[in-house]
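Student: The following block contains a protein sequence and its predicted model.
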Amino acid sequence: MFYDRLFELHPLFRRLFVSDLEAQGAKLMSMMGAIVARIHDLDALAPMVGDLARRHVGYGVQPGHYEAMGDALIATLATALGPRFTPEIEAAWQRAYAALSEMMIEAAYPAPPG
């Protein structure tokens, strides 16, 4: 569902995914589970998401892609959860995604020294 929404919102992103989307979806769900389990301990989460972000550079992910991915994630959650996706839950996911994407961008694209 996530990838369908992502490609609907941003068709050009399809070229970033050369592997089997079913396998990719399983990896996404596994990583999301690991992140959700650690979301209240960003210090423990930072190395894991930093490594993930650096790997994504090799796949062609750019800093500007993170916002689009977040939009697709929130839209997917809204569809999947329906009326259970309350404004409070949406705001929590928005905050969590903003924090994670910031960590990932900083890890993958560190500011030049000086």
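Tutor: Yes, it's here.
Student: So what's the gap between the helix or strand that contains A23 and the chain middle?
Tutor: Using DSSP states H and E, A23 sits within helix 21-38. Distance of helix 21-38 from its chain centroid, counting by Cα atoms, centre = their mean, to the nearest Å, is 10 Å.
Student: Give the next helix or strand downstream of it.
Tutor: Once the chain leaves helix 21-38, the next helix or strand it forms, by DSSP H and E, is helix 42-58.
Student: Could I get the average pLDDT for the following helix or strand past that following helix?
Tutor: Next in sequence after helix 42-58, counting helices and strands by DSSP H and E, comes helix 65-81. In this model, helix 65-81 has a mean pLDDT of 95.
Student: now the angle between helix 21-38 and helix 65-81, please.
Tutor: 90 degrees (axes from the mean of the first three to the mean of the last three Cα atoms, to 10 degrees).
Student: Run through the neighbouring helices and strands of helix 65-81.
Tutor: Helix 65-81 sits against helix 2-9, helix 87-108, with contacts defined as 3 or more Cβ pairs under 8 Å, 6 or more residues apart in numbering; DSSP states H and E. Quick note: C-beta positions are derived from backbone N, CA and C, even for glycine.
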